[in-house]
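K.L.:
this one's sequence-less:
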Ligand code: GLU
């Protein structure tokens with residue numbers, strides 16, 4: 001069987017950490033089996049959906065390295081939904097209901113007051129044609145409910161295992177609102193049928209939609225796909241993720257300069273039995289993907305951990321993986337430079353700082369003028385290598401009597417202007433004699 005999955009965000013906002021976990025689980029699974037990944041933009045809510053959000057979603061996915069086989073948008077597909085509505089009406093499983101939101105609310109309160117579950121009582125099914133006509137004459141527009149079969153609905157969830165729901169305990173879902181707009185339930189199923197989706201993989205927050213949707217697949221004479229509901233992400237304090245929390249937007253991670261691969265590695269491995277470690281390619285994540293590794297408990301998404309993972313990833317990335325971006329940032333020095341500084345980076349942009357330290361000009365920080373001037377005089381002639389620093393610093397120690405931190409810290413500050421950084425034995429040959437000499441004399445170089 002060819003696998004086809006879909007990732008179906010609504011273009012009513014930017015992608016955030018929770019969305020991309022869903023996108024990644026779909027993508028990794030499809031890639032693992034050589035299947036198709038469809039990007040479906042759920043934009044039936046035409047008031048809140050915008051083209052700008054749709055393009056931004058595409059941009060965020062592309063940045064993460066997620067490629068789609070095709071993209072569809074629900075607003076282009078209303079004719080399909082209308083045809084399905086006609087079919088459901090013919091079958092007698094879609095019925096008009098005229099209650100106002102206030103009336104429904106009152107019913108629910110009464111049921112709860114009597115200790116009963118607030119399930120829709122199907123009063124609308126008992127309306128006579130004359131009663132319906134009276135409502136219409138009164139200006140009421142019906143909303144349309146799907147009549148559920150009162151049976152046990154069972155499915156083998158790819159993540160949660162065997163599931164069953166007694167459909168008699170559910171309210172008949174509203175598929176079409178009084179103003180004629182669709183709720184998500186029907187268009188989703190119609191598209192899943194039409195696009196040949198074989199696996200619906202989404203967050204646990206959609207588990208309650210599955211039983212009604214399975215009955216919709218049946219009513220539309222379609223073979224239902226497999227379903228998998230992955231665990232949700234929670235914030236650092238265990239709180240539910242909010243779409244409005246800008247600190248979890250993918251755009252923000254990109255702008256902060258985090259690596260797409262560290263975002264993907266983090267979002268794909270938290271809440272799994274795999275270690276949360278950086279992966280140097282999406283393919284590595286693909287090879288390790290198994291539904292059985294997903295935990296049932298919520299996974300904690302902490303941007304601080306993501307940043308640590310980003311640093312770890314940079315520390316292990318080979319020069320080839322970053323060469324183009326370094327060049328675009330105006331950072332030279334090639335592989336030799338990269339190997340010296342990568343261990344000190346939190347984000348790739350930090351490489352610029354170290355490139356400025358090497359290229360100059362920088363204003364040296366002179367903590368001990370005598371020591372620095374003596375050190376300048378002792379600088380050996382070039383060529384320099386990793387042996388230069390130990391030999392030279394020993395000579396400075398012998399000459400000045402300074403040792404330990406009192407020796408190394410003034411030299412580091414004069415040579416780099418920084419308190420901390422890559423090993424001086426590696427930096428020194430890159431800085432070179434001319435600049436080192438000037439800086440030790442307190443001159444900008
Ligand atoms: N548009 C829905 C959402 O973003 C899709 C749910 C589904 O995958 O079926 O939650």
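P.N.:
Yes, it's here. What you see is a predicted model; the values in this text were computed from it and never measured.
K.L.:
Go through the lengthiest helix in the chain and flag the buried ones.
P.N.:
In terms of residue count, the longest helix belonging to the chain (DSSP state H) is helix 17-32. Neighbour-count burial for helix 17-32, counted by 16 or more other C-beta atoms under 10 Å, picks out 17-31. Backbone N, C-alpha and C define where each C-beta goes, glycine included.
K.L.:
Same question for stretch 56-74.
P.N.:
By neighbour count, and taking 16+ other C-beta under 10 Å as the criterion, the buried residues in stretch 56-74 are 56-58, 60-61, 63-66, 68, 72-74.
K.L.:
Does the ligand have contacts with that stretch?
P.N.:
No - contact between stretch 56-74 and the ligand, assessed by C-beta under 6 Å from any ligand atom, is absent, since the two come no nearer than 8.8 Å.
K.L.:
tell me which parts of the stretch 51-200 of the chain are close to the ligand?
P.N.:
Taking C-beta under 6 Å from any ligand atom as the criterion, the neighbours of the ligand within the stretch 51-200 of the chain are 184, 188, 200.
K.L.:
State the pLDDT value of residue 246.
P.N.:
Turning to residue 246, the model gives it a pLDDT of 77.
K.L.:
With residue 243 instead?
P.N.:
Confidence score, pLDDT, at residue 243: 72.
K.L.:
Closest one of the residues of the stretch 51-200 of the chain next to the ligand to residue 242?
P.N.:
Distance ranking of these against residue 242, using C-beta to C-beta, places residue 184 first at 19.5 Å.
K.L.:
The closest one and residue 44 touch, don't they?
P.N.:
Yes - taking contacts as C-beta atoms under 8 Å, residue 184 lies within contact range of residue 44: 7.0 Å.
K.L.:
Next, residue 72: secondary structure please.
P.N.:
Reducing the assignment to helix, strand or coil with DSSP: H, G, I helix; E, B strand; the rest coil, the entry for residue 72 is strand.
K.L.:
Repeat that for residue 306.
P.N.:
Under three-state DSSP, residue 306 falls in the helix class.
K.L.:
ditto for the one 3 residues further on
P.N.:
Assigned state for residue 309: helix (three-state reduction, three-state DSSP).
K.L.:
Based on its surroundings, how many neighbours for the closest residue to residue 366 other than its chain neighbours?
P.N.:
The shortest distance from residue 366 to any residue other than its chain neighbours is 4.8 Å, reached at residue 442 (C-beta to C-beta, 6 or more residues apart in numbering). The number of residues packed around residue 442, counting by other C-beta atoms under 10 Å, is 16.
K.L.:
which strands and helices sit next to the helix-or-strand element of the chain with minimal mean pLDDT?
P.N.:
Using mean pLDDT, DSSP states H and E, the weakest-scoring helix or strand in the chain turns out to be strand 233-234, at a mean of 92. Strand 233-234 is packed against helix 17-32, strand 299-300, with contacts defined by 3 or more C-beta pairs under 8 Å, 6 or more residues apart in numbering; DSSP states H and E.
K.L.:
can you give me how far that strand is from the chain middle?
P.N.:
12 Å (C-alpha atoms, centre = their mean, to the nearest Å).
K.L.:
The residue sitting furthest away from the middle of the chain: which element?
P.N.:
Most distant from the centre of the chain: residue 399, at 56.9 Å, with distances by C-alpha atoms, centre = their mean. Assigned by DSSP states H and E, residue 399 belongs to helix 388-400.
K.L.:
Could you do residue 95 as well?
P.N.:
Using DSSP H and E, residue 95 falls in strand 94-97.
K.L.:
Report all helices and strands that that strand contacts.
P.N.:
Secondary-structure packing of strand 94-97 (3+ C-beta pairs under 8 Å, 6+ apart): strand 143-146.
K.L.:
Touching the strand it packs on from outside, list them.
P.N.:
Outside strand 143-146, the residues that touch it by C-beta atoms under 8 Å, 6 or more residues apart in numbering are 85, 88, 93-97, 120, 124, 172-178, 185-186, 212, 215-216, 219.
K.L.:
Give the partner strands of it in its sheet and their orientations.
P.N.:
Sheet pairing for strand 143-146, assigned by DSSP bridges, gives strand 94-97 (antiparallel), strand 174-176 (antiparallel).
K.L.:
can you give me the helices for the stretch 301-445 of the chain?
P.N.:
Counting by DSSP state H, counting those that start in this stretch, residue ranges of the helices within the stretch 301-445 of the chain are 303-316, 319-328, 334-341, 350-359, 369-378, 388-400, 405-416, 424-431, 433-440.
K.L.:
okay, those in CSV with distance to residue 2 and mean pLDDT next?
P.N.:
CSV is the format used below for these (distance: least, C-beta to C-beta, whole Å; pLDDT from 0 to 100):
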stretch, distance to residue 2, mean pLDDT
helix 303-316, 33, 97
helix 319-328, 32, 97
helix 334-341, 42, 97
helix 350-359, 43, 96
helix 369-378, 69, 98
helix 388-400, 59, 98
helix 405-416, 57, 98
helix 424-431, 51, 97
helix 433-440, 60, 98
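K.L.:
The ligand is nearest to which of those?
P.N.:
helix 303-316 (22.2 Å; C-beta to the nearest ligand atom).
K.L.:
Would you mind getting the angle between that closest one and helix 17-32?
P.N.:
Relative orientation of helix 303-316 with respect to helix 17-32: 40 degrees, computed using axes from the mean of the first three to the mean of the last three C-alpha atoms, to 10 degrees.
K.L.:
Quick one: end-to-end length of stretch 347-367, please.
P.N.:
According to C-alpha to C-alpha, to the nearest Å, stretch 347-367 extends 29 Å from its N-terminal end residue to its C-terminal end residue.
K.L.:
now that stretch, how far from the chain's geometric center?
P.N.:
What separates the centre of stretch 347-367 from the centre of its chain is 33 Å, taken as C-alpha atoms, centre = their mean.
K.L.:
that older thread, got a markdown table for the helices of the stretch 301-445 of the chain, with distance to residue 165 too?
P.N.:
Converted to a markdown table, the helices of the stretch 301-445 of the chain look like this (distance: least, C-beta to C-beta, whole Å):
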| stretch | distance to residue 165 |
| --- | --- |
| helix 303-316 | 36 |
| helix 319-328 | 47 |
| helix 334-341 | 55 |
| helix 350-359 | 51 |
| helix 369-378 | 76 |
| helix 388-400 | 69 |
| helix 405-416 | 64 |
| helix 424-431 | 62 |
| helix 433-440 | 72 |
